[in-house]
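> Just need the structure, nothing else, for what follows:
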Amino acid sequence: MSTAILSALPEEQSSLVQHLAHPQRLMHAGRAFWRGELHDRPVVLALSGIGKVAAATTATALIEHFGVARIVFTGVAGGVGDGVHRGDVVVAQDYVQHDMDASPLFPRWELPGYARTRLACDPVLTAMLLEAASLCVTSASSLWGLKNIHGGAHRAHHGLVASGDRFVSTAQESERLRSALRAAGHDVLAVEMEGAAVAQVCHDYGLPFAAVRTISDRADDAAHGDFAQFVQTVASRYAEHMVLSFLQKL
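I've put the predicted structure just below:
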């Protein structure tokens, strides 16, 4: 049974495509999918596109058309939690859509029809992904010379991630988002644009889902510049290391 490796941007997945054994490029739903093997495990590689709708479409195609057994999302995110710094990684425990608001019909952030605000990731896959992520950040300095500008080692975090159809790129917006969610008991570590949609699709189909996000910026006024540079120089190395290590554990 195949594992789907989903990423938002091509830079996050290019090195994985190069590692594929018996690669086969297939087009479906206007998207390119790569089928092959990594570490003798059958995989399907796909780019989600940016935003929740694009990600949900890709996840549905992976399930309905390619029949994958599980989906793992790897990408980048803005860090908003205390102690979550650029170069760290966050493995999602669960997801919330920070732009979901169907009030007054439903409480703010609650998913209509689900009677819940958060969607949990698969605990078994998540534990394996967290182990792979921890190994990656521990090795970051020796493998690639990546230093934590805040001092000490890079860290792997585990907790709540928020998704929404907006690139959060000012300190004011980041703090407003974080404070509102925290006041409602949702202590968010990172913010991105796709994961919660994939989590919802996987929940609907009963498919195991796990996600890891490398922190490219602090979702503040420097986010745009930090993001572009980080994706080019760091994110692909992290994704390659974490995914290959994770697949060896399956």
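
> Q24: what's it in contact with?
W34, R35, G36 (Cβ atoms under 8 Å, 6 or more residues apart in numbering). C-betas here are computed from N, CA, C, even on glycine.

> Nearest to A190, out of those residues: which one, please.
W34 (26.6 Å; Cβ to Cβ).

> Next one: the closest one from A56, what distance?
According to Cβ to Cβ, to the nearest Å, W34 and A56 sit 20 Å apart.

> now M242
23 Å.

> between these two, which one's more packed in?
Shown here are M242 and A56; by other Cβ atoms under 10 Å, M242 has more neighbours (26 against 20).

> Would you agree that one falls within a helix?
Yes. Counting by DSSP: H, G, I helix; E, B strand; the rest coil, M242 is part of a helix.

> just the helices in the chain please.
For the chain, the helices defined by DSSP state H cover 14-19, 52-64, 123-144, 171-183, 195-205, 223-230, 236-249.

> how about low-confidence regions in this structure?
141-152, 219-228 (pLDDT under 70).

> how close does V80 get to A21?
38 Å.

> Those two: which has the busier surroundings?
Neighbours of V80 and A21, each counted by other Cβ under 10 Å, are more numerous for V80; the result is 27 against 12.

> From what I see, that one and D187 are in contact.
No. Between V80 and D187 there is no contact under Cβ atoms under 8 Å: 9.7 Å.

> Next up, the contacts around A132.
So A132 contacts V212, H241, M242, V243, S245, F246, K249 (Cβ under 8 Å, 6+ apart).

> closest one to T74 among the helices of the chain?
Closest among these, using Cβ to Cβ: helix 236-249, at 4.6 Å.

> Would you mark the buried spots in that closest one?
For helix 236-249, burial by neighbour count (16 or more other Cβ atoms under 10 Å) applies to S236, R237, Y238, A239, E240, H241, M242, V243, L244, S245, F246, L247.

> cool, stretch 57-76 as well?
Neighbour count says stretch 57-76 has 57-63, 68, 70-76 buried, by 16+ other Cβ under 10 Å.

> closest to R118 among these?
For these, the nearest to R118 is F73 (16.2 Å; Cβ to Cβ).

> now the nearest residue to that closest one once chain neighbours are set aside: how far from E175?
Distance criterion Cβ to Cβ, 6 or more residues apart in numbering; nearest residue to F73, sequence neighbours excluded, is A211 at 3.9 Å. Using Cβ to Cβ, A211 is found at 24 Å from E175.

> Having no further points to raise, I will conclude here.
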